[in-house]
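Trainee: Sequence and predicted structure, then a few things I'm wondering about:
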Amino acid sequence: MKFFASCAKGLEYLLADELVALGASKATATTAGANVQGELQDAQRAVLWSRLASRVLWPIAEFECLDEAALYHGVLAIDWTAHMRPGLTLAVDAHVSGTAITHARYAAQRIKDAVVDHLRQQGWERPSVDVDNPDVRINLSLRRGRATISIDLSGGSMHRRGWRQVQNDAPLKENLAAAVLMRGGWPGAYKGGGGLLDPMCGSGTLLIEGALMAADVAPGLQRHGNLLPTRWPGFDDEAWRGMFADASHREQAGMAALKPVFFGSDLDPRAIRGAQDNAVLAGLAGVIQFSVADVAQLAAPALAHGLVVCNPPYDERLAADAALYRTIGQSLQRSVPQWRASLLCGNQELAYATGLRAAKKYQLFNGAIECALIVCDPIGTPRAQSDAPRELNEGATMVANRLRKNLKRFKSWTGREGISCYRVYDADLPEYAAAIDLYQEAGGQAGSGRRFLHVQEYAAPASIPEHDVRRRFGDLLAAAREVFALPPEQVAIKSRERGKGGSKYGRMEQRGEFFWVEENNALLKVNLFDYLDTGLFLDHRPLRRRIASEARGKRFLNMFCYTGVASVQAAVGGAATTTSVDLSATYLEWCGDNLYRNGFGGDAHRLVQADALRWLEAEGGEYDLIFCDPPTFSNSARADDFDVQREHVRLLRAAVSLLAPGGVLYFSNNFRRFKLDIEQVSAFARCEDISASTIPMDFERNPRIHRCWRLQRA
């Protein structure tokens with residue numbers, strides 16, 4: 001079976017690795033969770049042992065859901081007598097996105113109504129609702145018109161370990177604390193004889209979680225006690241009790257062998273008293289050494305090495321003081337320079353204020369708050385001269401301010417849509433003419449989740465002196481590096497040079513550096529340095545999402561496929577087959593890598609190296625969905641010269657002839673002076689200009705980035 005484990009954003013790849021280590025046959029990271037393949041016992045083991053998951057959801061039904069009536073009838077059709085027993089209480093959690101249903105609470109109410117109505121139709125008494133501690137917790141996930149109904153095997157949020165009695169003003173959830181510890185390499189540090197230090201420990205979450213991790217204590221032991229996490233009839237009670245007994249034996253052995261190498265301090269005596277109480281409830285009395293102390297007077301433990309963890313204040317309720325972060329960095333460099341540190345900072349600027357050199361940086365979310373996790377190894381490594389802050393001149397300051405304004409404007413949109421690669425600047429200030437795109441590395445099983453910038457200079461008018469062009473571009477680069485706090489090796493620069501024949505881009509780097517990014521639940525391979533284009537056209541993001549939403553069960557054809565991103569999205573959307581056509585063997589190999597990384601291959605996903613127009617006119621197959629995004633010009637030695645304005649009628653006639661009844665062709669190009677020959681195209685196709693709906697928010701300043709039409713047979 002496939003099941004889903006949810007988590008806080010930023011923990012997805014750690015969670016996928018953890019679930020495989022716990023016995024799942026496969027786990028694939030996706031937005032705010034992981035899709036898992038395994039048996040029911042694997043899911044139950046995750047409920048007991050996962051330190052990172054928030055919920056473990058076992059799907060029982062999936063159906064198309066375009067409105068609330070479809071939701072009600074879809075749930076009503078489920079045999080709820082197989083999932084309930086007389087006298088059991090229930091609760092419903094709903095998570096909705098899209099325009100079909102917009103209110104999660106209303107969706108939950110309609111599901112509850114359908115369950116109750118179904119059971120009463122079977123002659124059962126009406127079940128009671130218990131929102132806090134139900135016997136059976138039902139979960140709805142509604143995305144892109146598809147509803148998934150699941151049983152929540154965890155019975156409630158898994159970040160609760162059961163020991164917390166006292167918390168400070170801004171408590172850190174235990175599963176996020178586990179991620180901070182794991183990213184810092186705490187399990188290995190403990191096995192190697194290292195200690196754990198939190199100089200601003202608050203209620204002790206990081207230290208307690210680290211001690212329980214070192215003692216091999218299952219996170220679900222104290223949360224559930226001797227009770228089952230759910231009374232869903234499908235739950236394997238016997239298997240659970242066996243796992244629970246085994247975990248109890250491991251706890252006893254681990255606690256007996258646990259070394260007292262845990263040190264916590266805080267300036268607030270009340271926080272220390274609360275941390276001590278929490279440690280007692282967690283069974284760690286006397287294991288953690290707590291003290292009231294200012295971080296500026298931090299005393300080094302009597303250990304040669306270890307891990308420092310810290311969650312300094314940074315949100316709206318607590319002052320995010322850069323001076324405090326500087327004090328933390330200076331104190332750690334003075335006291336424990338040979339130790340490693342894993343610090344959860346409010347943002348990149350605050351992380352930079354520590355003065356510490358980060359070996360790795362990660363983006364995590366503490367609730368709705370986007371944070372920067374930096375790992376320093378060791379703490380005493382000096383920051384490189386190139387990392388030192390530079391004072392920006394007036395022009396660079398204007399660009400930096402605009403970048404910060406754009407990031408703030410895009411923040412809720414990118415979070416809501418799960419977008420990690422987007423345009424952050426597009427010649428907003430005309431004299432600083434360039435496009436800046438942000439690429440967030442997906443991370444992979446052992447990746448760092450780095451951020452990259454792709455900076456592409458626009459051609460300047462010939463009337464502007466070359467030295468002014470270079471100065472302005474230098475100001476723009478300085479502003480970008482300041483705002484994003486990235487080292488030079490993570491900034492790809494495509495600058496123009498003037499020469500015979502006009503302005504053109506100079507020689508590309510040859511670094512051979514590929515990495516993976518995520519879009520709409522798919523992993524995609526990009527290269528920012530070696531080619532003019534990166535392998536991912538960001539402006540086509542909404543069109544690819546539309547293709548994914550329409551692809552289920554369809555035969556999909558991708559003409560001029562480039563790196564095959566649209567083919568991957570069609571496959572993710574459930575396409576029965578995909579065919580990708582391009583003249584370039586390099587791009588077809590890239591396309592194949594993209595498909596394979598997402599679990600697609602074989603005869604159902606065909607790659608064709610050919611001149612696209614000739615292939616179309618010779619192809620005898622039939623397709624339900626076609627995407628055609630040709631270049632403006634092409635003069636390859638292996639194919640006829642191609643001009644999209646000259647050849648588009650011939651191209652579209654050939655493509656439309658391959659459409660099955662009811663099939664759809666999406667035709668796009670980025671030639672700004674392109675004019676569709678409506679009269680000739682109307683002879684064989686119904687044509688609708690949908691360009692406006694395919695321009696994403698980050699390209700609104702440049703609505704002519706591409707044009708797009710939807711065609712069907714006349």
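Mentor: It's in. All values reported here derive from a predicted model rather than from experimental measurement.

Trainee: Need the contact partners of stretch 250-258.
Mentor: Contacts with stretch 250-258, where a contact means CB atoms under 8 Å, 6 or more residues apart in numbering, come from 211, 214-218, 221, 283, 287. For every residue, glycine as well, the C-beta is placed using N, CA and C.

Trainee: Relative to the whole chain's centre, how far out is that stretch?
Mentor: From the chain centre to the centre of stretch 250-258 is a distance of 36 Å (CA atoms, centre = their mean, to the nearest Å).

Trainee: Please point out which parts of it sit buried.
Mentor: Within stretch 250-258, the residues that count as buried by 16 or more other CB atoms under 10 Å are 250-251, 254-255, 258.

Trainee: Quick check: the farthest pair among the contacts of stretch 250-258?
Mentor: Ala218 and Val287 (17.6 Å; CB to CB).

Trainee: Counting neighbours, go ahead and name the busier of these two.
Mentor: Ala218 (24 against 20; other CB atoms under 10 Å).

Trainee: tell me the contacts of the more buried one?
Mentor: 48-49, 247, 250-251.

Trainee: Just these: which are in helices?
Mentor: Of the contacts of Ala218, the ones assigned to helices by DSSP state H are 48-49, 247, 250-251.

Trainee: so where's the stretch 551-700 of the chain uncertain?
Mentor: Filtered on pLDDT under 70, the stretch 551-700 of the chain yields the residue ranges 636-639.

Trainee: tell me the strands in it, going along the chain?
Mentor: For the stretch 551-700 of the chain, strands defined by DSSP state E, counting those that start in this stretch occupy the ranges 555-559, 577-582, 605-609, 623-628, 633-634, 642-643, 659-669, 685-689.

Trainee: could I get those strands as CSV with mean neighbour count?
Mentor: What follows is these, written out as CSV (neighbours: other CB atoms under 10 Å):
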stretch, mean neighbour count
strand 555-559, 26
strand 577-582, 24
strand 605-609, 18
strand 623-628, 24
strand 633-634, 15
strand 642-643, 17
strand 659-669, 18
strand 685-689, 15
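
Trainee: Make a markdown table from the ones you listed and add distance to Asp266 to it.
Mentor: Converted to a markdown table, the strands of the stretch 551-700 of the chain look like this (distance: least, CB to CB, whole Å):
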| stretch | distance to Asp266 |
| --- | --- |
| strand 555-559 | 57 |
| strand 577-582 | 56 |
| strand 605-609 | 56 |
| strand 623-628 | 57 |
| strand 633-634 | 65 |
| strand 642-643 | 68 |
| strand 659-669 | 57 |
| strand 685-689 | 62 |
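
Trainee: Ala304: which of those strands is closest?
Mentor: Once the strands of the stretch 551-700 of the chain are compared by CB to CB, strand 605-609 is nearest, at 53.9 Å.

Trainee: Describe which strands the closest one pairs with in its sheet and in which direction.
Mentor: strand 577-582 (parallel) (DSSP bridges).

Trainee: Excluding its own residues, what touches the partner strand? List them.
Mentor: Contacts of strand 577-582 (CB under 8 Å, 6+ apart): 555-562, 564, 567, 570-571, 588, 591, 595, 600, 604-610, 612, 615, 621, 623.

Trainee: thinking again about what came up before, can you put the contacts of Ala218 in TSV and add distance to Asp698 and pLDDT?
Mentor: As requested, the contacts of Ala218 are exported to TSV (distance: CB to CB, whole Å; pLDDT from 0 to 100):
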residue	distance to Asp698	pLDDT
Leu48	43	97
Trp49	40	97
Ala247	47	96
Arg250	49	97
Glu251	50	96
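
Trainee: Which one of the residues you listed is nearest to Glu466?
Mentor: When the contacts of Ala218 are compared against Glu466 (criterion: CB to CB), the nearest one is Trp49, at 62.8 Å.

Trainee: Next one: that closest one from Leu19, what distance?
Mentor: Distance from Trp49 to Leu19, counting by CB to CB, to the nearest Å: 10 Å.

Trainee: Looking at the two, which one has more neighbours?
Mentor: Leu19 (31 against 22).

Trainee: Of the contacts of stretch 250-258, which belong to helices?
Mentor: Those of the contacts of stretch 250-258 lying in helices (DSSP H): 211, 214, 221.

Trainee: which of the residues you listed lies closest to Ala147?
Mentor: Taking CB to CB as the measure, Leu221 is the one of these closest to Ala147, at 34.1 Å.

Trainee: need the contact list for the closest residue to the closest one other than its chain neighbours.
Mentor: Nearest residue to Leu221 in three dimensions, chain neighbours excluded: Ala247, at 5.6 Å (CB to CB, 6 or more residues apart in numbering). Taking CB under 8 Å, 6+ apart as the criterion, Ala247 is in contact with 48-49, 217-218, 220-221.

Trainee: same check, this time on Arg713
Mentor: Applying CB under 8 Å, 6+ apart, the residues near Arg713 are 656, 659, 661, 663, 684-686.

Trainee: Mind picking the two most distant members of those residues?
Mentor: Spatially, the most separated pair among the contacts of Arg713 is Pro661 and Phe684, at 14.6 Å (CB to CB).

Trainee: Would you map out the domains in this protein?
Mentor: Taking automatic domain parsing as the domain assignment, the ranges for the chain are 2-152, 174-215+258-387, 394-505, 537-713.

Trainee: Please name whichever of those domains is nearest to Arg160.
Mentor: domain 174-215+258-387 (7.2 Å).

Trainee: ok so, going back, who wins for most neighbours among the ones in helices among the contacts of stretch 250-258?
Mentor: Ala211 (26 neighbours).

Trainee: Which of the strands of the stretch 551-700 of the chain sits closest to His706?
Mentor: strand 659-669 (5.4 Å).

Trainee: What strands flank the closest one, and is each parallel or antiparallel?
Mentor: strand 623-628 (parallel), strand 707-713 (antiparallel).

Trainee: Save these as a markdown table, and put in distance to Arg541 too.
Mentor: Listed next are those as a markdown table, based on distance: least, CB to CB, whole Å:
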| stretch | distance to Arg541 |
| --- | --- |
| strand 623-628 | 14 |
| strand 707-713 | 12 |
